[in-house]
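Peer 1: Take a look and give me a structure for this.
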Amino acid sequence: MKSLVKPLISLVIWFIAFGSFSPVSAQDPLKPYRDDQNIRAEVNKAVAVAGREHRHVLIQFGGNWCPWCLRFHQLTRTVPTIDSLLKADYVYMLANVPQDKKKRDYSLFAEYGYPNRFGYPVFVILNGEGKVLHIQDSGVLEHCRDKGYDTARVVNFLKMWNPKAVDPATYK
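Peer 2: Next comes the predicted model:
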């Protein structure tokens, strides 16, 4: 009986961490990108919320086929500091990029300054009016020794592009 306690506790913790509702997607947390997504409509909604709440929009372009995309999304759900920064300063959304290059919306990439040039995932930050503020290559956020992201680098990235950081009044 004691041998079942630890696996059962692990299972409960897993369901708490990964089974709860996420504003990004109500889909399988192991496959958070949605094939049926209307990215333009979701960006418009995110921009409206960001404008009302004085936040920015952080779009993560990627797909369920991309292990680094899934690693980053997992990081946002499991590291409290990153989760807090996202909730305080950003409307965070995932934008599905089909693995089949023929099915990708290249006109959308053009609208956002061709973020796809960096590979996936790639991050686009919009202000509350929908203007592109920054495109971030995810490679600079990776850990130099491990197959994952460097938490300190991700935190720094989020802090450097939040609304307060880009407001000129902050530096007067």
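Peer 1: Now do the contacts for E42.
Peer 2: M93, A95 (Cβ atoms under 8 Å, 6 or more residues apart in numbering). Where you see a C-beta, it was placed from the backbone N, CA and C, and this is true even at glycine.
Peer 1: any idea which helix or strand comes after the helix or strand containing it?
Peer 2: Counting by DSSP states H and E, the element that carries E42 is helix 39-53. Tracing the chain past helix 39-53, the next element assigned as helix or strand by DSSP H and E is strand 56-62.
Peer 1: Who does the spatially most central residue of the chain form a beta bridge with?
Peer 2: Centroid check for the chain by Cα atoms, centre = their mean gives Q60 as the closest residue, at 4.3 Å. Each beta-bridge partner of Q60 is listed here: L94, F123, as defined by DSSP bridges.
Peer 1: Isn't it up against V97?
Peer 2: No - counting by Cβ atoms under 8 Å, Q60 sits too far from V97 to count as a contact (10.0 Å).
Peer 1: Would you mind measuring from the spatially closest residue to F118 that is not a sequence neighbour to K172?
Peer 2: Spatial nearest neighbour of F118, excluding adjacent residues (Cβ to Cβ, 6 or more residues apart in numbering): D137 at 4.0 Å. The gap separating D137 from K172 is 31 Å, by Cβ to Cβ, to the nearest Å.
Peer 1: same check, this time on P98
Peer 2: For P98 relative to K172 (Cβ to Cβ), the value is 45 Å.
Peer 1: Please say which of the two ends up with more neighbours.
Peer 2: Neighbours per residue (other Cβ atoms under 10 Å) separate P98 from K172, with P98 holding more: 13 against 5.
Peer 1: Pretty sure that one sits against R104.
Peer 2: Yes - using Cβ under 8 Å, P98 is in contact with R104, at 5.7 Å.
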